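Trainee: sequence-free structure coming up:
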Ligand SMILES: O=C(O)CCC(=O)C(=O)O
Ligand SMILES: [Fe+2]
């Protein structure tokens with residue numbers, strides 16, 4: 001246990017320092033960071049020891065970071081477009097698809113082939129981890145992003161309430177994992193997500209929350225539970241390096257934070273559901289992505305079920321900025 005904790009990296013105001021369980025006298029607030037070797041990155045497969053670390057972190061913390069798995073050029077190309085789109089959505093103000101406050105936008109990526117880079121959207125290391133936790137061929141049925149916006153002139157930066165995205169009566173074992181991929185390095189300055197490690201297993205479950213499903217501000221954690229949790233395991237706002245993926249249990253408590261920088265921070269959010277989980281959501285993609293997914297499947301490199309409604313490019317491009325806010329999606333399952 002101690003050995004494992006010594007591998008954990010705490011980031012303190014830009015300085016990276018080793019922190020141990022013994023130093024703190026309590027559980028870590030900072031996530032476990034897995035650093036794959038060049039060979040693992042090249043192959044897109046973690047070897048057994050790193051996979052064990054990642055799976056262990058998912059069970060204990062409900063979150064793991066894997067560094068250096070997504071090429072920066074792919075992120076830059078997508079970021080350029082999504083930052084423009086984010087400004088378009090921000091201009092819609094109170095009519096836009098914002099989450100909790102207008103500084104955090106729910107935003108889809110353009111669902112057409114020129115932006116569909118498999119190293120991002122079907123990253124094999126991400127799928128290796130989700131499949132190890134959820135079972136073979138997880139179902140990928142949610143593909144979006146959260147954009148933390150520098151406030152418009154005259155607006156105050158705002159934080160989200162601490163919440164769980166699983167705002168409904170849900171299983172008490174892993175059933176859905178979010179793959180977050182920041183398109184730029186995330187820092188406390190540009191609105192790195194606040195995370196509350198270990199809360200995926202909080203005994204309160206849905207009774208720890210206020211705000212009913214479907215409301216814009218659903219899934220909020222009750223203030224008295226936040227106070228007591230802070231005593232045992234306080235939250236953190238880690239620096240997450242560009243090129244990393246973050247795998248987070250859907251149940252984990254977290255909050256979008258204000259972006260105090262002048263640059264938009266886009267963070268993709270893909271959800272993989274357990275193969276047994278009964279939810280009918282489907283993706284909507286432009287049909288020029290179909291051969292890409294079919295090629296991956298043929299070569300045995302997909303590893304996912306991907307239910308898609310295929311539409312023409314025009315329809316895909318006309319619709320992807322017209323989606324709802326985050327909590328308008330129904331992640332619940334059928335009985
Ligand atoms: O943007 C973030 O960092 C998190 C956003 C979030 O948790 C949400 O909108 O549900
Ligand atoms: Fe959230």
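Mentor: Now that the structure is in, tell me what you want to look at. These numbers come from a predicted model, not from an experiment. Ligands and ions are numbered 1, 2, ... in the order given.
Trainee: ok, which stretches of this structure are helices?
Mentor: Taking DSSP state H as the test, the helices found in the chain are 2-6, 21-24, 38-43, 48-60, 72-90, 118-121, 124-134, 223-232, 290-298, 313-319.
Trainee: Most tightly packed of those helices?
Mentor: helix 124-134 (a mean of 22; mean count of other CB atoms under 10 Å). Just so you know, the C-beta spots here come from the backbone N, C-alpha and C atoms, and that holds for glycine as well.
Trainee: measure the closest residue to residue 302 other than its chain neighbours to residue 287 for me?
Mentor: Of all residues not flanking residue 302 in the chain, residue 296 sits nearest, at 4.2 Å (CB to CB, 6 or more residues apart in numbering). Computed as CB to CB, to the nearest Å, the residue 296 to residue 287 distance reads 16 Å.
Trainee: and if you look at residue 69?
Mentor: 28 Å.
Trainee: These two: which is more packed in?
Mentor: Per other CB atoms under 10 Å, whichever of residue 69 and residue 287 has more neighbours is residue 69, with 22 against 15.
Trainee: pLDDT score assigned to that one?
Mentor: What the model reports for residue 69 is a pLDDT of 97.
Trainee: need the contact list for it.
Mentor: 36, 41, 119, 123, 125-126, 243-245 (CB atoms under 8 Å, 6 or more residues apart in numbering).
Trainee: of the helices of the chain, which approaches ligand 1 most closely?
Mentor: Ligand 1 lies closest, by CB to the nearest ligand atom, to one member of these: helix 72-90, at 11.5 Å.
Trainee: average pLDDT across the closest one?
Mentor: Per-residue scores along helix 72-90 average to 98.
Trainee: And stretch 38-56, by the same measure?
Mentor: Rounded mean pLDDT across stretch 38-56 is 98.
Trainee: ditto for stretch 250-257
Mentor: 98.
Trainee: Wait, residue 303 touches residue 124, no?
Mentor: Yes: using CB atoms under 8 Å, residue 303 is in contact with residue 124, at 7.0 Å.
Trainee: Can you find the helix or strand in the protein with the smallest mean pLDDT?
Mentor: Least confident element among the helices and strands of the chain, by mean pLDDT, DSSP states H and E: strand 15-18 (a mean of 34).
Trainee: how about the residues of the protein that lie near ligand 1?
Mentor: Applying CB under 6 Å from any ligand atom, we find that the chain lies next to ligand 1 at 99, 104, 146, 148, 160, 165, 193, 254, 256, 267, 326.
Trainee: The first one reaches residue 324, doesn't it?
Mentor: No: with contacts counted by CB under 8 Å, residue 99 stays clear of residue 324, the gap being 10.3 Å.
Trainee: quick check: domain ranges of the chain?
Mentor: Following the assignment in automatic domain parsing, the chain carries domains at 1-30, 32-328.
Trainee: looking at those domains, which is buried most?
Mentor: domain 32-328 (a mean of 18).
Trainee: now that domain: how far from the chain's centre is it?
Mentor: Taking CA atoms, centre = their mean, to the nearest Å, the mean C-alpha location of domain 32-328 is offset from the chain mean by 2 Å.
Trainee: What separates the first and last residues of it, distance-wise?
Mentor: Terminal residues of domain 32-328 lie 31 Å apart, using CA to CA, to the nearest Å.
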